[in-house]
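K.L.:
Pasting a predicted model and its sequence here:
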Amino acid sequence: MAKVKLIIDTDPGIDDAMAIFYAASEPEIDLLALTTIFGNVTTSQASRNALYLIDKMGLDIPVSQGLEFPRVLPPFPPSSNVHGVEGLGTLHVRPSPVSPINQSAPEYLVEMAQEHKGEMVICPIGPLTNIAAAMDLDSNFCSNLKRMVIMGGSLRAGGNITPFAEANIYHDPHAANHVLQHGKNIMLVGLDVTNKVICPRSFFYEIAKHSRRLGSLLLEMSEFYIDFYETVGKFDGCGMHDPSALIACVAPELFQTEAHKLRVCCHGESSGEILVDPEGPGNLVDVCVEVDIEAVKQKFFQKVTQLP
């Protein structure tokens, strides 16, 4: 079986780190690169964290730095209460001796989609600003992809940053609206499923028993993340948001979807809310509505525990 050629567009972020660790440990994934975006952290922090993580994993892949501000809105402050001041909980992230490549993320994504036409999957797990910009640069960008698997939004589960909006969509609703209305071959992995895949502290302790070095890093990051969840009244662990999207790239059979035309509210108190728009101009998006919870958790556990 051919590996999935994959690029992750990311704002690391603790659950982003979980997702990247999974991608590195999954033999079905050929991880081509990381592109970075603001959200959990600033874009420059995202690039630094991405370089730090791939160095820790011993990966030799490029990091391309993305855009620094939302498409229309002014910038938002990073989510330091959720992910820590540096983005990876209490870890002290040292600058990497390696730099991002000179090519911007939208330009790089367009080039790679052309080079791997019909074969490449892009998995955005942050705001969709780079993706919208890539679509602006090349009207065939989405057609050149095999699939786009987005972590973001929800159909019926409400939000996690406001009552209406999930954070990735909220931080650039105009970009999200552009992607969902004009994109193709999209699967949306949102809070309808990721809120159900809950990992308690014991889950990360078990990973660290097997993966002594990298699993221990995940454990340290997860402690901060779960502490945040407890402050908002969720005492059973943290949601497996970004890793679920990565797992959907290789095991879509673990997710049940509904096809809908969508749009994103870009104004007022419900900014960032995803709405079904049956008469709208967009293409159908495969929205995940149910998930095999234990199978997703086990897939993550079985692969990540193989890391050193």
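P.N.:
Yep, that arrived.

K.L.:
List the contacts of the residue lying closest to Gly159 once chain neighbours are set aside.
P.N.:
The spatially closest residue to Gly159, leaving aside those adjacent along the chain, is Ala165, at 4.1 Å (CB to CB, 6 or more residues apart in numbering). Every residue, glycine included, has its C-beta placed from N, CA and C. Remark: with contacts taken as CB atoms under 8 Å, 6 or more residues apart in numbering, Ala165 is in contact with 153, 159, 173, 270-273.

K.L.:
if we go to 10 Å?
P.N.:
Residues touching Ala165, when contacts are defined by CB atoms under 10 Å, 6 or more residues apart in numbering, comprise 152-154, 158-159, 171, 173, 176, 191, 264-265, 269-274.

K.L.:
go on, Ser64?
P.N.:
In this structure, Ser64 makes contact with 7, 9, 33-36, 47, 50, 100-109, 111-112, 130, judged by CB under 10 Å, 6+ apart.

K.L.:
Just the ones of these in helices?
P.N.:
The members of those that map onto helices under DSSP state H are 47, 50, 105-109, 111-112, 130.

K.L.:
which residues of the stretch 1-150 of the chain score low on pLDDT?
P.N.:
Residues of the stretch 1-150 of the chain that meet the criterion pLDDT under 70 lie in 1.

K.L.:
Need phi/psi at the residue positioned nearest the centre of the chain.
P.N.:
Centroid-nearest residue in the chain: Ile125, 1.5 Å away (criterion: CA atoms, centre = their mean). With angles defined as degrees, to the nearest 10, Ile125 sits at phi -120, psi 20.

K.L.:
hang on, the earlier thing: quick check: the residue nearest to Gly159 is in a helix.
P.N.:
No: secondary structure assignment places Ala165 outside any helix; it is coil (DSSP: H, G, I helix; E, B strand; the rest coil).

K.L.:
how much space between it and Glu26?
P.N.:
Using CB to CB, to the nearest Å, we find Ala165 at a distance of 30 Å from Glu26.

K.L.:
mind listing the strands in the stretch 151-300 of the chain by residue range?
P.N.:
186-189, 198-199, 238-239, 255-260, 262-264, 274-276, 285-291 (DSSP state E, counting those that start in this stretch).

K.L.:
circling back to that earlier point, so the residue nearest to Gly159 versus Gln45, what's the distance?
P.N.:
Spatial separation of Ala165 from Gln45 under the definition CB to CB is 22 Å.

K.L.:
you'd agree Asp286 is up against Lys184?
P.N.:
No: taking contact to mean CB atoms under 10 Å, the distance of 11.3 Å between Asp286 and Lys184 leaves them out of contact.

K.L.:
who's more crowded, those two?
P.N.:
More crowded of Asp286 and Lys184, by other CB atoms under 10 Å: Asp286, with 20 against 17.

K.L.:
so who does the more buried one touch?
P.N.:
When contacts are counted by CB under 10 Å, 6+ apart, Asp286 touches 147, 149, 185-189, 248, 252, 255-260.

K.L.:
any low-confidence regions in the stretch 151-300 of the chain?
P.N.:
Across the stretch 151-300 of the chain (using pLDDT under 70), nothing gets flagged, so there are no ranges to list.

K.L.:
In it, what residue spans correspond to helices?
P.N.:
Ranges of helices in the stretch 151-300 of the chain, per DSSP state H, counting those that start in this stretch, are 167-170, 173-182, 191-194, 201-210, 214-231, 241-250, 293-304.
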